[in-house]
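J.: what's the 3D shape of this:
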Amino acid sequence: MKNTIIHIGYPKTASTWFQNNVFNNINTYSYVKREDVENLFIKPYGNNFNVSKTKKFLDDNYNKNLIISDERLLGGMYSGGYNGFATTIIVNRLKQVFPDAKIIIIIRNQVDAIASAYYHYIMYGGTYNVNNFLFPKHYYIVQKLGMFSFEFYNYYNLISMYKDMFTEVNVYLYEDFKADNKSFVKKLIDENKLELDFNKLDYNLQNSRYRKGLINFKKFVNLFTKQQLIYKYYLVNLPYVYNVSIKLFEKLNKFSIFGNYVNSKKLLKQKNIEYIKEYYKESNKKIKNYNY
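T.: Predicted coordinates:
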């Protein structure tokens with residue numbers, strides 16, 4: 001029986017960096033391609049999931065212990081895990097295939113996590129203001145299960161669900177990674193009994209939010225493309241606007257004339273920040289007392 005480690009995110013906690021620097025360089029483990037993770041565990045519709053075929057595919061294509069890392073296993077930050085249904089279905093699929101897997105979860109304070117989610121909503125084509133994003137009111141019935149949900153960031157409930165399913169669940173703080181990424185990685189590797197060539201790691205994190213002067217400009221440009229999201233509106237769909245805008249704003253973001261990089265307070269507004277802190281106050285208290 002192969003040993004398996006599954007890193008499920010959270011989104012916007014340097015998941016891509018870990019995938020490209022850490023998890024794909026672990027000695028004695030095979031890093032499962034994200035394309036395979038998607039096709040095996042995320043895409044299968046409802047009851048179409050086949051445990052035997054999934055196990056056979058992994059045995060045929062990966063001859064070592066397995067490392068899986070994909071924040072989409074939580075069901076999607078824009079969609080709230082489809083009201084938690086996708087989140088629950090996927091964890092059950094993982095349990096059926098890897099009953100003894102070790103789980104890694106990295107969490108981030110909800111204010112910054114939600115601000116980052118809203119920022120990426122804008123970056124990838126969103127047009128609604130922050131209140132309509134956080135508290136959607138105007139939508140089609142078919143979309144009700146595919147929009148932002150505060151419960152997606154209820155870490156206590158998510159961790160408890162995984163703890164009920166798996167024997168070993170290790171939880172880490174993204175803030176610890178930001179404070180000292182080298183020590184964080186060493187702790188993660190040691191606690192999960194992994195082997196890693198630390199000389200292969202590139203600790204440069206280059207993800208920066210747009211500058212303040214570009215945020216509303218990007219939302220305006222997004223009015224002229226129907227990509228990339230469902231929950232938005234647009235005036236007209238002009239070819240290539242989405243792809244060109246991504247490259248254009250990446251270049252414009254280098255110029256300080258557009259101001260400082262936008263922070264969480266600027267993105268969310270103080271009233272929403274207070275709401276977020278109050279929403280998670282009790283569940284976060286439980287996390288502090290949780291024995292991981």
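J.: Can I get the worst-scoring helix or strand of the chain on mean pLDDT in CSV, CA atoms only?
T.: Here the helix or strand of the chain ranked lowest by mean pLDDT, DSSP states H and E is helix 80-83, holding a mean of 79. Output for helix 80-83, consisting of C-alpha atoms alone and laid out as CSV, is shown next (Å, rounded to 0.1, in the frame of the first residue of the first chain):
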residue,chain,number,x,y,z
GLY,A,80,-18.2,28.5,-1.8
GLY,A,81,-17.7,24.8,-2.6
TYR,A,82,-21.1,24.9,-4.2
ASN,A,83,-22.8,25.4,-0.9
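J.: How far off centre is it?
T.: 13 Å (Cα atoms, centre = their mean, to the nearest Å).
J.: With stretch 62-80 instead?
T.: Relative to the chain's own centre, stretch 62-80 is displaced by 9 Å; criterion: Cα atoms, centre = their mean.
J.: Enumerate the positions of that stretch that are buried.
T.: Burial within stretch 62-80, assessed by neighbour count using 16 or more other Cβ atoms under 10 Å, is assigned to 62, 66-80. Backbone N, C-alpha and C define where each C-beta goes, glycine included.
J.: For the stretch 1-150 of the chain, which segments count as helices?
T.: Counting by DSSP state H, counting those that start in this stretch, the segments of the stretch 1-150 of the chain that form helices are 15-21, 34-37, 51-61, 80-83, 85-97, 110-123, 130-134.
J.: Let me know which of these is the nearest to residue 215.
T.: Minimum separation from residue 215 across the helices of the stretch 1-150 of the chain (Cβ to Cβ) falls at helix 110-123, 6.4 Å.
J.: low-confidence ranges in the protein?
T.: Low-confidence segments of the chain, defined by pLDDT under 70: 1, 138-146, 206, 290-292.
J.: how many other residues sit next to residue 229?
T.: 18 (other Cβ atoms under 10 Å).
J.: Could I get the contacting residues of the closest residue to residue 191 other than its chain neighbours?
T.: Across the structure, with Cβ to Cβ, 6 or more residues apart in numbering as the measure, the residue nearest residue 191 apart from its sequence neighbours is residue 170 (6.1 Å). The neighbours of residue 170, taking Cβ atoms under 8 Å, 6 or more residues apart in numbering as the test, are 102, 103, 104, 105, 188, 191, 192, 292.
J.: same question, residue 262
T.: 119, 209, 210, 211, 212, 215.
J.: among the residues you listed, which ones are buried?
T.: Taking 16+ other Cβ under 10 Å as the criterion, what is buried in the contacts of residue 262 is 119, 209, 210, 211, 215.
J.: Of the contacts of residue 170, which is the nearest to residue 220?
T.: Closest approach to residue 220 among those (Cβ to Cβ): residue 105, at 37.0 Å.
J.: Surely that closest one and residue 9 touch.
T.: Yes: using Cβ atoms under 8 Å, residue 105 is in contact with residue 9, at 7.2 Å.
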